[in-house]
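K.L.:
would you be able to build a 3D model of this:
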Amino acid sequence: MTKDSSTVPSTVADPSPRSLAELESRLARDLDILALPPADWVPPRDGVLDVAIVGAGMAGLTAAFALRKVGIANIRLFDRAPAGREGPWATYARMETLRSPKSLTGPALGFANLTFRAWYEAQFGLAAWEVLHRIPRLQWLDYLNWYRRVTNPPVQNDTALTAISGDADGVSLDLDGPEGVQRVRARRVILANGRDGLGGPFVPPFWKAVDKRFWSHAHEAIDFAALKDRTVAVLGAGAGAVDNAAEALERGAAKVYMLVRRAELPRINKGLGAGHPGIVLGFHTLSDERRWAYNQYIADTGVPAPHNSMLRCSRHSNFALLTRCPIEAAQEEGDRLALRTGRGAVTVDHVILATGFSVDWAQRPELAEIARHTLLWRDRYVLPGHENSEFALHPYLGPDFEFLERRPGEAPWLNRIHAFNYAAVLSHGKVTGDIPGISAGAERLADSITAALFTEDYDHHWQRLIGFETPELLGDEWTEAEDFR
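P.N.:
Predicted structure coming up:
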(Lines give C-alpha, C1' and ligand atoms only; values in the text may rest on other atoms or scores of the structure.)
Protein backbone atom coordinates (compact mmCIF):
# COMPACT_ATOMS: atom_id res chain seq x y z
CA MET A 1 0.00 0.00 0.00
CA THR A 2 1.38 3.39 -0.97
CA LYS A 3 0.38 6.74 0.38
CA ASP A 4 -1.07 7.77 -3.00
CA SER A 5 -4.71 6.71 -2.82
CA SER A 6 -6.03 9.46 -5.13
CA THR A 7 -7.37 6.89 -7.57
CA VAL A 8 -9.62 5.33 -4.92
CA PRO A 9 -13.10 6.88 -5.07
CA SER A 10 -14.78 8.13 -1.91
CA THR A 11 -17.96 10.11 -1.39
CA VAL A 12 -17.19 10.91 2.25
CA ALA A 13 -15.09 13.85 3.38
CA ASP A 14 -11.91 12.51 4.90
CA PRO A 15 -11.72 13.43 8.62
CA SER A 16 -8.54 11.45 9.13
CA PRO A 17 -5.43 13.04 10.60
CA ARG A 18 -2.92 13.84 7.87
CA SER A 19 0.05 12.28 9.60
CA LEU A 20 1.04 10.12 12.54
CA ALA A 21 2.20 13.27 14.31
CA GLU A 22 -1.32 14.70 14.05
CA LEU A 23 -2.83 11.41 15.22
CA GLU A 24 -0.50 11.34 18.21
CA SER A 25 -1.51 14.90 19.03
CA ARG A 26 -5.17 13.84 19.02
CA LEU A 27 -4.41 10.88 21.26
CA ALA A 28 -2.49 13.10 23.68
CA ARG A 29 -5.49 15.45 23.86
CA ASP A 30 -7.83 12.51 24.56
CA LEU A 31 -5.66 11.47 27.48
CA ASP A 32 -5.38 15.04 28.72
CA ILE A 33 -9.15 15.59 28.69
CA LEU A 34 -9.70 12.32 30.55
CA ALA A 35 -6.89 13.16 33.02
CA LEU A 36 -5.06 9.97 32.13
CA PRO A 37 -2.92 8.40 33.26
CA PRO A 38 -3.55 9.22 36.92
CA ALA A 39 -0.76 9.63 39.43
CA ASP A 40 0.77 6.43 40.77
CA TRP A 41 -1.04 5.72 44.06
CA VAL A 42 0.67 2.47 45.04
CA PRO A 43 3.19 2.92 47.91
CA PRO A 44 6.67 2.00 46.64
CA ARG A 45 8.63 -0.92 47.98
CA ASP A 46 12.37 -0.67 47.64
CA GLY A 47 13.64 -2.82 44.79
CA VAL A 48 10.25 -4.40 44.09
CA LEU A 49 8.09 -3.92 41.01
CA ASP A 50 4.35 -3.64 41.47
CA VAL A 51 3.84 -5.71 38.32
CA ALA A 52 6.27 -7.60 36.10
CA ILE A 53 4.96 -8.62 32.68
CA VAL A 54 6.56 -11.51 30.81
CA GLY A 55 5.98 -10.76 27.15
CA ALA A 56 5.82 -7.45 25.27
CA GLY A 57 3.67 -8.48 22.33
CA MET A 58 0.05 -7.42 21.90
CA ALA A 59 -1.14 -8.93 25.19
CA GLY A 60 1.73 -7.53 27.24
CA LEU A 61 1.47 -4.05 25.74
CA THR A 62 -2.29 -3.94 26.25
CA ALA A 63 -1.99 -5.11 29.85
CA ALA A 64 0.71 -2.52 30.51
CA PHE A 65 -1.38 0.36 29.19
CA ALA A 66 -4.44 -0.89 31.08
CA LEU A 67 -2.38 -0.77 34.28
CA ARG A 68 -1.20 2.77 33.53
CA LYS A 69 -4.83 3.82 33.02
CA VAL A 70 -5.54 2.89 36.65
CA GLY A 71 -2.43 4.54 38.08
CA ILE A 72 -0.05 1.58 38.37
CA ALA A 73 3.24 2.78 36.92
CA ASN A 74 5.90 0.72 38.71
CA ILE A 75 5.90 -1.99 36.06
CA ARG A 76 8.36 -3.54 33.65
CA LEU A 77 7.96 -5.81 30.65
CA PHE A 78 10.46 -8.50 29.65
CA ASP A 79 10.56 -10.14 26.22
CA ARG A 80 13.00 -12.64 24.78
CA ALA A 81 12.66 -11.18 21.27
CA PRO A 82 14.56 -8.18 19.91
CA ALA A 83 12.72 -4.86 19.99
CA GLY A 84 10.12 -4.66 17.24
CA ARG A 85 10.02 -8.43 16.69
CA GLU A 86 7.79 -9.46 19.59
CA GLY A 87 5.03 -11.96 18.93
CA PRO A 88 4.60 -14.29 15.96
CA TRP A 89 4.12 -11.71 13.22
CA ALA A 90 7.64 -11.69 11.75
CA THR A 91 8.58 -15.27 12.67
CA TYR A 92 6.31 -18.31 12.31
CA ALA A 93 3.16 -16.42 11.25
CA ARG A 94 3.05 -16.86 7.47
CA MET A 95 -0.40 -15.60 6.48
CA GLU A 96 -0.70 -12.67 4.10
CA THR A 97 -3.39 -10.95 6.17
CA LEU A 98 -4.99 -11.29 9.58
CA ARG A 99 -8.16 -13.31 9.95
CA SER A 100 -9.86 -10.72 12.17
CA PRO A 101 -12.13 -8.15 10.49
CA LYS A 102 -10.32 -4.85 10.03
CA SER A 103 -13.01 -3.02 12.01
CA LEU A 104 -12.14 -4.65 15.35
CA THR A 105 -10.56 -2.18 17.75
CA GLY A 106 -8.20 -4.72 19.32
CA PRO A 107 -5.85 -3.32 21.99
CA ALA A 108 -7.10 0.28 21.79
CA LEU A 109 -8.75 0.16 25.26
CA GLY A 110 -11.59 2.42 24.13
CA PHE A 111 -9.44 5.13 22.51
CA ALA A 112 -10.47 5.75 18.90
CA ASN A 113 -7.13 7.40 18.19
CA LEU A 114 -5.25 4.30 19.34
CA THR A 115 -6.92 1.89 16.90
CA PHE A 116 -5.35 0.30 13.84
CA ARG A 117 -7.87 2.17 11.71
CA ALA A 118 -6.75 5.56 13.03
CA TRP A 119 -3.10 4.59 12.53
CA TYR A 120 -3.81 3.39 8.99
CA GLU A 121 -5.88 6.40 7.94
CA ALA A 122 -3.28 8.81 9.27
CA GLN A 123 -0.88 7.41 6.70
CA PHE A 124 -3.05 6.34 3.78
CA GLY A 125 -6.37 8.15 4.13
CA LEU A 126 -10.02 7.18 4.50
CA ALA A 127 -10.46 6.11 0.88
CA ALA A 128 -7.67 3.54 1.22
CA TRP A 129 -9.23 2.26 4.45
CA GLU A 130 -12.58 1.76 2.75
CA VAL A 131 -11.15 -0.58 0.12
CA LEU A 132 -8.84 -2.47 2.48
CA HIS A 133 -10.14 -6.03 2.88
CA ARG A 134 -7.94 -7.46 5.62
CA ILE A 135 -5.00 -6.14 7.62
CA PRO A 136 -1.63 -7.23 6.16
CA ARG A 137 0.29 -9.26 8.73
CA LEU A 138 3.49 -7.20 8.81
CA GLN A 139 1.49 -3.99 8.81
CA TRP A 140 -0.15 -5.18 12.03
CA LEU A 141 3.34 -5.57 13.49
CA ASP A 142 4.15 -2.01 12.39
CA TYR A 143 1.00 -0.84 14.17
CA LEU A 144 1.92 -2.68 17.38
CA ASN A 145 5.38 -1.11 17.28
CA TRP A 146 3.71 2.31 17.00
CA TYR A 147 1.35 1.36 19.84
CA ARG A 148 4.37 0.56 21.98
CA ARG A 149 6.00 3.89 21.12
CA VAL A 150 2.99 6.05 21.99
CA THR A 151 2.03 4.16 25.18
CA ASN A 152 5.72 4.00 26.14
CA PRO A 153 5.90 1.06 28.55
CA PRO A 154 9.30 0.16 30.07
CA VAL A 155 10.37 -2.90 28.06
CA GLN A 156 13.55 -4.93 28.44
CA ASN A 157 14.09 -6.90 25.23
CA ASP A 158 16.37 -9.85 24.48
CA THR A 159 15.58 -11.10 27.97
CA ALA A 160 14.37 -14.63 28.71
CA LEU A 161 12.65 -15.89 31.84
CA THR A 162 14.66 -18.81 33.22
CA ALA A 163 12.85 -19.53 36.51
CA ILE A 164 10.02 -18.26 38.67
CA SER A 165 9.34 -18.79 42.35
CA GLY A 166 7.85 -16.88 45.24
CA ASP A 167 6.73 -16.48 48.81
CA ALA A 168 3.79 -14.95 50.60
CA ASP A 169 5.07 -11.41 49.91
CA GLY A 170 5.86 -11.62 46.22
CA VAL A 171 7.32 -13.40 43.24
CA SER A 172 10.94 -13.76 42.08
CA LEU A 173 11.81 -13.93 38.39
CA ASP A 174 15.19 -15.15 37.22
CA LEU A 175 16.04 -13.53 33.89
CA ASP A 176 18.85 -13.77 31.37
CA GLY A 177 19.38 -10.73 29.18
CA PRO A 178 21.86 -8.16 27.90
CA GLU A 179 22.90 -7.34 31.45
CA GLY A 180 23.49 -10.99 32.25
CA VAL A 181 21.61 -13.03 34.81
CA GLN A 182 19.39 -11.02 37.14
CA ARG A 183 16.69 -11.62 39.71
CA VAL A 184 13.65 -9.33 39.80
CA ARG A 185 11.11 -9.14 42.58
CA ALA A 186 7.50 -8.21 41.87
CA ARG A 187 4.29 -8.10 43.83
CA ARG A 188 2.34 -9.39 40.84
CA VAL A 189 3.41 -11.14 37.63
CA ILE A 190 1.50 -11.31 34.34
CA LEU A 191 2.43 -14.09 31.92
CA ALA A 192 1.59 -12.47 28.60
CA ASN A 193 3.80 -14.89 26.71
CA GLY A 194 1.57 -15.88 23.85
CA ARG A 195 0.07 -18.92 22.21
CA ASP A 196 2.84 -21.17 23.47
CA GLY A 197 3.10 -19.50 26.88
CA LEU A 198 2.60 -22.70 28.88
CA GLY A 199 3.88 -25.15 26.33
CA GLY A 200 4.98 -25.20 22.73
CA PRO A 201 4.39 -26.75 19.33
CA PHE A 202 2.40 -29.98 19.44
CA VAL A 203 4.29 -32.85 17.84
CA PRO A 204 2.30 -36.10 17.59
CA PRO A 205 4.22 -38.97 19.25
CA PHE A 206 4.50 -40.78 15.91
CA TRP A 207 6.69 -38.02 14.46
CA LYS A 208 9.12 -37.92 17.34
CA ALA A 209 10.51 -41.22 16.07
CA VAL A 210 11.07 -39.89 12.53
CA ASP A 211 14.46 -38.39 11.68
CA LYS A 212 14.14 -34.62 12.17
CA ARG A 213 15.82 -33.89 8.84
CA PHE A 214 12.59 -35.00 7.14
CA TRP A 215 10.17 -32.77 8.98
CA SER A 216 9.62 -29.34 10.51
CA HIS A 217 6.93 -27.92 12.69
CA ALA A 218 4.96 -25.02 11.22
CA HIS A 219 5.82 -22.87 14.22
CA GLU A 220 9.57 -23.04 13.88
CA ALA A 221 12.03 -21.58 11.41
CA ILE A 222 11.77 -23.37 8.05
CA ASP A 223 14.19 -23.03 5.17
CA PHE A 224 11.59 -22.72 2.42
CA ALA A 225 14.26 -21.92 -0.16
CA ALA A 226 15.61 -25.44 0.35
CA LEU A 227 12.19 -26.83 -0.62
CA LYS A 228 12.38 -25.42 -4.15
CA ASP A 229 11.68 -28.16 -6.70
CA ARG A 230 10.85 -30.57 -3.84
CA THR A 231 7.72 -32.49 -2.93
CA VAL A 232 6.25 -31.34 0.37
CA ALA A 233 3.47 -32.74 2.54
CA VAL A 234 1.72 -30.41 4.99
CA LEU A 235 -0.27 -32.08 7.76
CA GLY A 236 -3.22 -30.18 9.15
CA ALA A 237 -6.58 -28.64 8.31
CA GLY A 238 -6.38 -25.10 9.68
CA ALA A 239 -4.91 -21.74 8.84
CA GLY A 240 -1.38 -22.81 9.76
CA ALA A 241 -1.46 -25.68 7.29
CA VAL A 242 -2.75 -23.49 4.49
CA ASP A 243 -0.26 -20.69 5.19
CA ASN A 244 2.72 -23.03 5.19
CA ALA A 245 1.52 -24.84 2.07
CA ALA A 246 1.18 -21.48 0.32
CA GLU A 247 4.65 -20.41 1.44
CA ALA A 248 6.16 -23.62 0.01
CA LEU A 249 4.26 -23.19 -3.26
CA GLU A 250 5.32 -19.59 -3.65
CA ARG A 251 8.95 -20.48 -2.95
CA GLY A 252 8.98 -22.97 -5.83
CA ALA A 253 8.08 -26.38 -4.39
CA ALA A 254 7.38 -28.85 -7.19
CA LYS A 255 4.35 -30.35 -5.46
CA VAL A 256 2.58 -29.64 -2.19
CA TYR A 257 0.11 -32.07 -0.63
CA MET A 258 -2.10 -30.88 2.21
CA LEU A 259 -3.10 -34.03 4.11
CA VAL A 260 -6.13 -33.82 6.38
CA ARG A 261 -7.32 -36.53 8.78
CA ARG A 262 -10.88 -35.22 8.90
CA ALA A 263 -13.50 -36.51 6.50
CA GLU A 264 -14.25 -32.93 5.50
CA LEU A 265 -12.34 -29.68 5.66
CA PRO A 266 -13.85 -27.35 8.29
CA ARG A 267 -15.87 -24.63 6.59
CA ILE A 268 -17.58 -22.65 9.38
CA ASN A 269 -15.76 -20.64 12.01
CA LYS A 270 -18.03 -21.28 14.99
CA GLY A 271 -16.03 -18.95 17.21
CA LEU A 272 -16.75 -16.05 14.87
CA GLY A 273 -20.47 -16.66 15.31
CA ALA A 274 -20.15 -16.11 19.06
CA GLY A 275 -18.26 -12.84 18.88
CA HIS A 276 -20.31 -10.48 21.04
CA PRO A 277 -19.91 -8.63 24.36
CA GLY A 278 -21.82 -11.30 26.26
CA ILE A 279 -19.28 -14.01 25.60
CA VAL A 280 -16.34 -11.64 26.08
CA LEU A 281 -17.55 -10.29 29.42
CA GLY A 282 -19.49 -13.24 30.77
CA PHE A 283 -17.70 -16.43 29.74
CA HIS A 284 -15.65 -16.73 32.94
CA THR A 285 -18.85 -16.74 35.02
CA LEU A 286 -20.19 -19.91 33.39
CA SER A 287 -20.12 -23.32 35.08
CA ASP A 288 -17.14 -25.59 34.53
CA GLU A 289 -19.26 -27.87 32.35
CA ARG A 290 -20.38 -25.06 30.08
CA ARG A 291 -16.91 -23.52 29.74
CA TRP A 292 -15.36 -26.85 28.75
CA ALA A 293 -18.25 -27.81 26.45
CA TYR A 294 -18.02 -24.47 24.64
CA ASN A 295 -14.29 -24.77 23.97
CA GLN A 296 -14.46 -28.46 23.16
CA TYR A 297 -17.23 -27.94 20.62
CA ILE A 298 -15.19 -25.35 18.74
CA ALA A 299 -12.11 -27.60 18.87
CA ASP A 300 -14.05 -30.63 17.63
CA THR A 301 -15.79 -28.67 14.90
CA GLY A 302 -12.52 -27.20 13.73
CA VAL A 303 -11.60 -23.67 12.73
CA PRO A 304 -11.29 -23.27 8.96
CA ALA A 305 -8.58 -21.38 7.17
CA PRO A 306 -9.62 -17.93 5.91
CA HIS A 307 -11.12 -17.73 2.45
CA ASN A 308 -8.27 -15.72 0.95
CA SER A 309 -5.67 -18.02 2.49
CA MET A 310 -7.18 -21.10 0.86
CA LEU A 311 -7.30 -19.32 -2.50
CA ARG A 312 -3.62 -18.53 -2.05
CA CYS A 313 -2.99 -22.29 -2.28
CA SER A 314 -5.61 -23.44 -4.74
CA ARG A 315 -4.50 -20.98 -7.40
CA HIS A 316 -1.45 -23.24 -7.86
CA SER A 317 -1.95 -26.25 -10.12
CA ASN A 318 0.69 -28.20 -8.17
CA PHE A 319 -1.34 -28.05 -4.94
CA ALA A 320 -3.40 -31.04 -3.86
CA LEU A 321 -5.65 -31.36 -0.81
CA LEU A 322 -6.69 -34.81 0.43
CA THR A 323 -9.17 -35.38 3.27
CA ARG A 324 -9.57 -38.71 5.14
CA CYS A 325 -5.81 -38.99 4.86
CA PRO A 326 -4.13 -39.82 8.21
CA ILE A 327 -0.47 -40.85 8.19
CA GLU A 328 -0.17 -44.53 9.10
CA ALA A 329 3.56 -45.05 8.60
CA ALA A 330 6.71 -43.22 7.47
CA GLN A 331 9.84 -44.92 6.16
CA GLU A 332 13.10 -43.48 4.95
CA GLU A 333 14.00 -44.19 1.34
CA GLY A 334 17.42 -42.66 0.89
CA ASP A 335 17.00 -38.89 1.03
CA ARG A 336 13.22 -39.09 0.82
CA LEU A 337 10.38 -40.19 3.08
CA ALA A 338 7.76 -42.72 2.02
CA LEU A 339 4.38 -42.12 3.66
CA ARG A 340 1.61 -44.68 3.96
CA THR A 341 -1.67 -42.86 4.37
CA GLY A 342 -5.37 -43.60 4.56
CA ARG A 343 -5.55 -42.70 0.87
CA GLY A 344 -2.54 -44.65 -0.36
CA ALA A 345 1.22 -44.17 -0.54
CA VAL A 346 3.26 -41.11 -1.49
CA THR A 347 6.95 -40.27 -1.32
CA VAL A 348 7.97 -36.75 -0.30
CA ASP A 349 11.09 -34.77 0.45
CA HIS A 350 9.82 -32.94 3.50
CA VAL A 351 6.84 -32.85 5.86
CA ILE A 352 5.54 -29.75 7.65
CA LEU A 353 3.51 -30.45 10.78
CA ALA A 354 0.81 -27.79 11.10
CA THR A 355 -0.44 -29.43 14.28
CA GLY A 356 -0.70 -26.30 16.42
CA PHE A 357 0.33 -25.69 20.01
CA SER A 358 -0.44 -27.47 23.24
CA VAL A 359 -0.23 -26.75 26.93
CA ASP A 360 2.81 -28.87 27.70
CA TRP A 361 4.55 -27.96 30.93
CA ALA A 362 7.60 -30.05 30.07
CA GLN A 363 8.44 -27.62 27.27
CA ARG A 364 8.58 -24.76 29.78
CA PRO A 365 11.19 -25.70 32.39
CA GLU A 366 11.26 -22.08 33.58
CA LEU A 367 7.69 -22.61 34.84
CA ALA A 368 8.49 -25.81 36.75
CA GLU A 369 7.47 -24.34 40.12
CA ILE A 370 4.12 -23.25 38.74
CA ALA A 371 3.58 -26.66 37.14
CA ARG A 372 4.41 -28.39 40.42
CA HIS A 373 1.79 -26.53 42.41
CA THR A 374 -0.94 -25.25 40.12
CA LEU A 375 -4.48 -26.56 39.98
CA LEU A 376 -5.32 -28.03 36.57
CA TRP A 377 -8.69 -28.53 34.99
CA ARG A 378 -8.34 -32.28 35.34
CA ASP A 379 -8.17 -31.71 39.11
CA ARG A 380 -11.57 -30.00 39.11
CA TYR A 381 -13.59 -31.08 36.11
CA VAL A 382 -13.27 -33.09 32.89
CA LEU A 383 -16.02 -33.17 30.29
CA PRO A 384 -17.21 -36.79 30.16
CA GLY A 385 -15.59 -38.65 27.29
CA HIS A 386 -12.71 -36.16 27.01
CA GLU A 387 -10.34 -37.42 29.68
CA ASN A 388 -7.45 -37.34 27.19
CA SER A 389 -8.24 -33.88 25.85
CA GLU A 390 -5.45 -31.32 25.87
CA PHE A 391 -7.78 -29.11 27.91
CA ALA A 392 -7.23 -31.38 30.91
CA LEU A 393 -3.74 -29.90 31.31
CA HIS A 394 -4.89 -26.29 31.18
CA PRO A 395 -4.57 -24.38 34.47
CA TYR A 396 -7.82 -23.92 36.35
CA LEU A 397 -7.63 -20.17 36.86
CA GLY A 398 -9.40 -18.00 39.39
CA PRO A 399 -11.66 -15.07 38.45
CA ASP A 400 -8.71 -12.69 38.15
CA PHE A 401 -6.71 -14.92 35.76
CA GLU A 402 -4.67 -16.06 38.78
CA PHE A 403 -3.15 -19.50 39.21
CA LEU A 404 -4.63 -21.52 42.09
CA GLU A 405 -2.88 -24.00 44.37
CA ARG A 406 -3.54 -27.68 43.87
CA ARG A 407 -2.87 -28.19 47.58
CA PRO A 408 -3.76 -25.05 49.54
CA GLY A 409 -0.94 -23.68 51.66
CA GLU A 410 1.98 -25.18 49.70
CA ALA A 411 2.50 -22.21 47.37
CA PRO A 412 0.84 -19.09 48.81
CA TRP A 413 2.54 -16.96 46.15
CA LEU A 414 0.89 -18.71 43.22
CA ASN A 415 -2.18 -16.48 43.07
CA ARG A 416 0.15 -13.52 42.53
CA ILE A 417 0.80 -14.82 39.00
CA HIS A 418 -1.81 -14.17 36.31
CA ALA A 419 -2.05 -16.14 33.06
CA PHE A 420 -2.81 -13.62 30.34
CA ASN A 421 -1.99 -16.04 27.52
CA TYR A 422 -3.65 -18.76 25.46
CA ALA A 423 -3.79 -21.17 28.40
CA ALA A 424 -6.48 -18.98 29.97
CA VAL A 425 -8.97 -19.82 27.20
CA LEU A 426 -10.70 -22.66 29.04
CA SER A 427 -11.20 -20.59 32.20
CA HIS A 428 -11.82 -17.16 30.68
CA GLY A 429 -12.52 -17.49 26.96
CA LYS A 430 -10.71 -15.66 24.20
CA VAL A 431 -9.80 -12.44 25.98
CA THR A 432 -6.07 -13.00 26.48
CA GLY A 433 -4.59 -13.21 23.00
CA ASP A 434 -7.21 -12.77 20.30
CA ILE A 435 -7.76 -9.31 18.83
CA PRO A 436 -11.55 -9.13 19.45
CA GLY A 437 -11.43 -9.46 23.24
CA ILE A 438 -7.96 -8.29 24.23
CA SER A 439 -9.01 -4.89 25.59
CA ALA A 440 -11.81 -6.31 27.74
CA GLY A 441 -9.47 -8.92 29.15
CA ALA A 442 -6.70 -6.43 29.89
CA GLU A 443 -9.05 -4.03 31.65
CA ARG A 444 -10.52 -6.79 33.81
CA LEU A 445 -7.00 -7.94 34.68
CA ALA A 446 -5.90 -4.41 35.55
CA ASP A 447 -8.99 -3.86 37.71
CA SER A 448 -8.34 -7.05 39.64
CA ILE A 449 -4.67 -6.21 40.26
CA THR A 450 -5.70 -2.72 41.37
CA ALA A 451 -8.09 -4.19 43.93
CA ALA A 452 -5.46 -6.66 45.18
CA LEU A 453 -2.75 -4.03 45.62
CA PHE A 454 -5.13 -1.67 47.41
CA THR A 455 -6.30 -4.42 49.77
CA GLU A 456 -2.74 -5.47 50.60
CA ASP A 457 -1.79 -1.87 51.34
CA TYR A 458 -4.93 -1.02 53.30
CA ASP A 459 -3.05 0.02 56.43
CA HIS A 460 -0.98 2.47 54.38
CA HIS A 461 -4.06 3.97 52.78
CA TRP A 462 -5.85 4.12 56.15
CA GLN A 463 -2.98 6.04 57.72
CA ARG A 464 -2.81 8.26 54.68
CA LEU A 465 -6.51 9.05 55.15
CA ILE A 466 -6.02 9.85 58.83
CA GLY A 467 -2.97 11.95 58.10
CA PHE A 468 -4.58 13.95 55.29
CA GLU A 469 -4.90 17.52 56.53
CA THR A 470 -5.18 19.73 53.48
CA PRO A 471 -8.09 22.05 54.36
CA GLU A 472 -10.94 22.60 51.96
CA LEU A 473 -12.09 25.59 53.99
CA LEU A 474 -9.66 28.04 55.60
CA GLY A 475 -12.08 29.37 58.23
CA ASP A 476 -12.47 32.88 56.83
CA GLU A 477 -15.23 31.99 54.37
CA TRP A 478 -18.11 32.64 56.87
CA THR A 479 -19.01 34.24 60.24
CA GLU A 480 -20.80 32.06 62.78
CA ALA A 481 -24.06 33.48 64.16
CA GLU A 482 -24.24 34.30 67.90
CA ASP A 483 -27.72 32.83 68.37
CA PHE A 484 -30.98 32.05 66.55
CA ARG A 485 -32.04 35.64 65.94
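
K.L.:
which elements pack onto the host helix or strand of Ala245?
P.N.:
Element membership for Ala245, per DSSP states H and E: helix 239-250. The contact analysis (3 or more C-beta pairs under 8 Å, 6 or more residues apart in numbering; DSSP states H and E) places helix 239-250 against strand 231-235, strand 255-259, helix 307-314, strand 350-353. To be clear about C-beta, it is placed using only N, CA and C from the backbone, and glycine gets the same treatment.

K.L.:
and the gap between Ala186 and Arg68?
P.N.:
According to C-beta to C-beta, to the nearest Å, Ala186 stands 16 Å off from Arg68.

K.L.:
these two: which is more packed in?
P.N.:
It is Ala186, of Ala186 and Arg68, that has more neighbours when counted by other C-beta atoms under 10 Å, with 24 against 21.

K.L.:
so which of the helices and strands packed on helix 239-250 is nearest Ile298?
P.N.:
Of all the helices and strands packed on helix 239-250, helix 307-314 sits nearest to Ile298, with 18.7 Å by C-beta to C-beta.

K.L.:
and the helix holding Ala245, which residues are buried?
P.N.:
By neighbour count on 16 or more other C-beta atoms under 10 Å, the buried set for helix 239-250 is Ala239, Gly240, Ala241, Val242, Asp243, Asn244, Ala245, Ala246, Glu247, Ala248, Leu249.

K.L.:
also stretch 374-384?
P.N.:
Applying 16+ other C-beta under 10 Å to stretch 374-384 flags Thr374, Leu375, Leu376, Trp377, Tyr381, Val382, Leu383 as buried.

K.L.:
which among the residues you listed gets closest to Ile298?
P.N.:
Among the buried residues of stretch 374-384, and counting by C-beta to C-beta, the member closest to Ile298 is Leu383, at 12.9 Å.

K.L.:
give me every residue that touches that closest one.
P.N.:
By C-beta atoms under 8 Å, 6 or more residues apart in numbering, the residues touching Leu383 are Glu289, Trp292, Ala293, Gln296, Ser389, Phe391.

K.L.:
farthest pair within the residues you listed?
P.N.:
Maximum pairwise distance in the contacts of Leu383, criterion C-beta to C-beta, is 13.7 Å, between Glu289 and Ser389.

K.L.:
which one of those two has more residues nearby?
P.N.:
A direct count of neighbours by other C-beta under 10 Å for Glu289 and Ser389 places Ser389 higher, at 19 against 11.

K.L.:
and that one, how far from Gln296?
P.N.:
According to C-beta to C-beta, Ser389 and Gln296 sit 7 Å apart.

K.L.:
picking that back up, of the helices and strands packed on helix 239-250, which is nearest Arg76?
P.N.:
strand 350-353 (35.8 Å).

K.L.:
so what strands line up beside that closest one?
P.N.:
Partners of strand 350-353 in the sheet, by DSSP bridges, are strand 215-217 (parallel), strand 231-235 (parallel).

K.L.:
so which of these is the most surrounded?
P.N.:
Counting by mean count of other C-beta atoms under 10 Å, strand 231-235 has the highest mean neighbour count of the strands paired with strand 350-353, with a mean of 25.
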